[in-house]
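# prediction below, plus the sequence it came from.
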Amino acid sequence: MTGTVEKKLSELGIKLTAPAAPIANYVPFVRTGNLLTVSGQICLDADGKLVAAGQLGGGVSIEDGQKAARACAVNLLAQVKAALGDLDKVRRVVRLGGFVNSAAGFGDGPKVMNGASDLMVAVFGDKGRHARSTVGVAALPRDAAIEVEGLFEVS
Amino acid sequence: MTGTVEKKLSELGIKLTAPAAPIANYVPFVRTGNLLTVSGQICLDADGKLVAAGQLGGGVSIEDGQKAARACAVNLLAQVKAALGDLDKVRRVVRLGGFVNSAAGFGDGPKVMNGASDLMVAVFGDKGRHARSTVGVAALPRDAAIEVEGLFEVS
Amino acid sequence: MTGTVEKKLSELGIKLTAPAAPIANYVPFVRTGNLLTVSGQICLDADGKLVAAGQLGGGVSIEDGQKAARACAVNLLAQVKAALGDLDKVRRVVRLGGFVNSAAGFGDGPKVMNGASDLMVAVFGDKGRHARSTVGVAALPRDAAIEVEGLFEVS
């Protein structure tokens, strides 16, 4: 029997695969008290391929950036499931930090990050409504178009 | 009757207006336990206009950047007031994260961010002394010159 | 008599000097409950000189970037010691945030940040294994090649 949140994921056609291993000497999440800090996730798909590479305001369209942001959110959820076993233990998505690979002057980062935020609300409902910071960065690991980190209150 | 902190704001000639609504699918703040996480605020004035647009080390002077950083801090306070009702419930400004829209090589981000930090100390005194990270980013929402996020310990 | 962690530092040939004073109006760390937030530290050596200046993917090699990241980690530890008196009070390195001064398209930030992560694990063992976000930024204070902020669970 799967929990409420995973049923919702399934309805959305999202299957969580084994989460990406960190590409360096760190861990994907740390729990301290009721707070779960999840490492920045780049926009890899289930096959480990980048959903979008390069810069917004450069070669990457807003639509592709949104898909990439959604992939980051899926990867965050895979890490949360690995950490907790059960996504129903998430009491609140506290914060998402969105780093958008951006050409100078690209001002539509928030539209791109909605790809991640919308998924959290679709999956968790009101518990998925989070604080957020979105900034445009010069470069990201593997030239990913977007990286998203997360902070969750958990039981 | 207004609280101590709001009296101080009033002495500084600062009026908190209705805080900016998030420009995307997220919320302006989340409280978990005694920690209040406030979403990144760009440098909008009371009329919703950018105090400064563009890059430091480009068209924006350090002085204008400082005014913009101060505006971000005012917007953070407006969100804290919306969250708590009373700014006297702030026990400590824990952390400010400053994202300065910067041309490559611009090394004076800390001077710019002082516009935000100085206001916190002016308003809260020792409780306003915070940890801080300042970085220069390639792009910000609406091409704002600066964005600041905040973490507060509250009662 | 020094603690276990400082003995380890000593074996690694690392001497913590007086931590850098903030170069602006903020403090180097804030403790709230069992969480210690440490301000972003740039790659200064014991003499206050930059270990590496400029951009990765520009004039700075990955090797020099790694040394710079290690210096940031040493500076974080100096701040933690100033905060706690005793590094053995660190229960867990919760999160490192790595900001790598990067030319557009530089995708090897994680390799650079390993200079900081590896030191934490060398010093603290399993308690040093942390969550991490690495992003490439357009500019850093004093044109430092890297800045790292830290979050620690402490007793």
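Thanks, I have it.

# can we go C-alpha only for contacts and neighbour counts from here?
Fine.

# adjacent strands (with direction) for the longest strand along chain A?
In chain A, with assignment by DSSP state E, the single longest strand is strand A:90-101. Its sheet considered, strand A:90-101 pairs with strand A:131-137 (parallel), strand A:146-154 (antiparallel) by DSSP bridges.

# helices of chain A, start to end?
Applying DSSP state H to chain A gives helices spanning A:4-11, A:62-84, A:109-124.

# okay, the most centrally placed residue in chain A and A:L9: tell me how far apart.
Nearest to the geometric centre of chain A sits A:A73, at 2.4 Å (CA atoms, centre = their mean). Applying CA to CA, to the nearest Å, the value for A:A73 to A:L9 is 12 Å.

# where does chain A dip in pLDDT?
A:1, A:23 (pLDDT under 70).

# do that again at 90, thanks
Applying pLDDT under 90 to chain A flags residues A:1-3, A:15, A:17-25.

# and it, which residues reach chain C?
Contact residues (CA under 8 Å from any CA of the partner chain) of chain A with chain C: A:23-32, A:37-41, A:54, A:99, A:137-144, A:149.

# before we move on, back to that, nearest to chain B, out of the helices of chain A?
Of all the helices of chain A, it is helix A:109-124 that lies closest to chain B, at 5.8 Å by CA to the nearest CA.

# returning to what we had before: ok, now which ones touch the residue lying closest to the residue nearest to the centre of chain A once chain neighbours are set aside?
Leaving aside its chain neighbours, A:A73 sits nearest to A:A116 (5.0 Å; criterion: CA to CA, 6 or more residues apart in numbering or on different chains). Residues counted as contacts of A:A116 (CA atoms under 8 Å, 6 or more residues apart in numbering or on different chains) are A:Q66, A:A69, A:R70, A:A71, A:C72, A:A73.

# make it 6 Å
Going by CA atoms under 6 Å, 6 or more residues apart in numbering or on different chains, A:A116 touches A:A69, A:R70, A:A73.

# tell me, how many residues neighbour the first one?
A:A69 has 34 neighbouring residues, counting by other CA atoms under 10 Å in any protein chain shown.

# is it correct that it is in contact with A:D118?
No. At 9.8 Å, A:A69 does not count as touching A:D118 under the criterion of CA atoms under 6 Å.

# follow-up on the earlier one: highest average neighbour count across the strands paired with strand A:90-101?
strand A:131-137 (a mean of 29; mean count of other CA atoms under 10 Å in any protein chain shown).

# from the chain's centre, how far out does that one sit?
The chain centre lies 12 Å from the centre of strand A:131-137; the measure is CA atoms, centre = their mean, to the nearest Å.

# please apply the same query to stretch A:141-155.
Relative to its parent chain, stretch A:141-155 has a centroid offset of 5 Å by CA atoms, centre = their mean.

# can you tell me what sits against that stretch?
With CA under 6 Å, 6+ apart as the criterion, stretch A:141-155 contacts A:34-42, A:52-55, A:72, A:89-101, C:105, C:107-109.

# buried ones among those residues?
A:35-42, A:52-55, A:72, A:89-101, C:105, C:107-109 (16 or more other CA atoms under 10 Å in any protein chain shown).

# ok, how many other residues are close to A:M113?
34.

# what's the closest non-adjacent residue to it?
Nearest residue to A:M113, sequence neighbours excluded (CA to CA, 6+ apart): A:A69, at 5.8 Å.

# gap between the one you found and C:T134?
A:A69 sits 16 Å away from C:T134, taking CA to CA as the criterion.

# next: A:L140.
Distance of A:L140 to C:T134, computed by CA to CA: 8 Å.

# show me the common contact partners of these two, please.
In contact with both A:L140 and C:T134: no residue, using CA under 6 Å, 6+ apart.

# quick one: the longest strand of chain A to helix A:62-84, angle?
Strand A:90-101 and helix A:62-84 meet at an angle of 140 degrees, taking axes from the mean of the first three to the mean of the last three CA atoms, to 10 degrees as the criterion.

# what's in contact with strand A:90-101?
A:55, A:127-128, A:130-139, A:145-154, B:30.

# could you check the angle helix A:4-11 makes with it?
50 degrees.

# quick check: angle from strand A:90-101 to helix A:109-124?
160 degrees.

# can I get strand A:90-101 in PDB? Just the C-alpha atoms.
Taking C-alpha atoms only, strand A:90-101 is exported to PDB below (Å, rounded to 0.1, in the frame of the first residue of the first chain):
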ATOM      1  CA  VAL A  90       6.700  15.500   4.900                       C
ATOM      2  CA  ARG A  91       4.900  18.100   7.100                       C
ATOM      3  CA  ARG A  92       5.900  21.100   5.000                       C
ATOM      4  CA  VAL A  93       8.100  22.100   2.100                       C
ATOM      5  CA  VAL A  94       9.900  25.000   3.900                       C
ATOM      6  CA  ARG A  95      12.100  26.400   1.200                       C
ATOM      7  CA  LEU A  96      13.300  25.900  -2.300                       C
ATOM      8  CA  GLY A  97      16.500  27.600  -3.500                       C
ATOM      9  CA  GLY A  98      16.500  27.900  -7.300                       C
ATOM     10  CA  PHE A  99      19.600  28.600  -9.300                       C
ATOM     11  CA  VAL A 100      18.900  29.300 -12.900                       C
ATOM     12  CA  ASN A 101      21.900  29.100 -15.400                       C
END
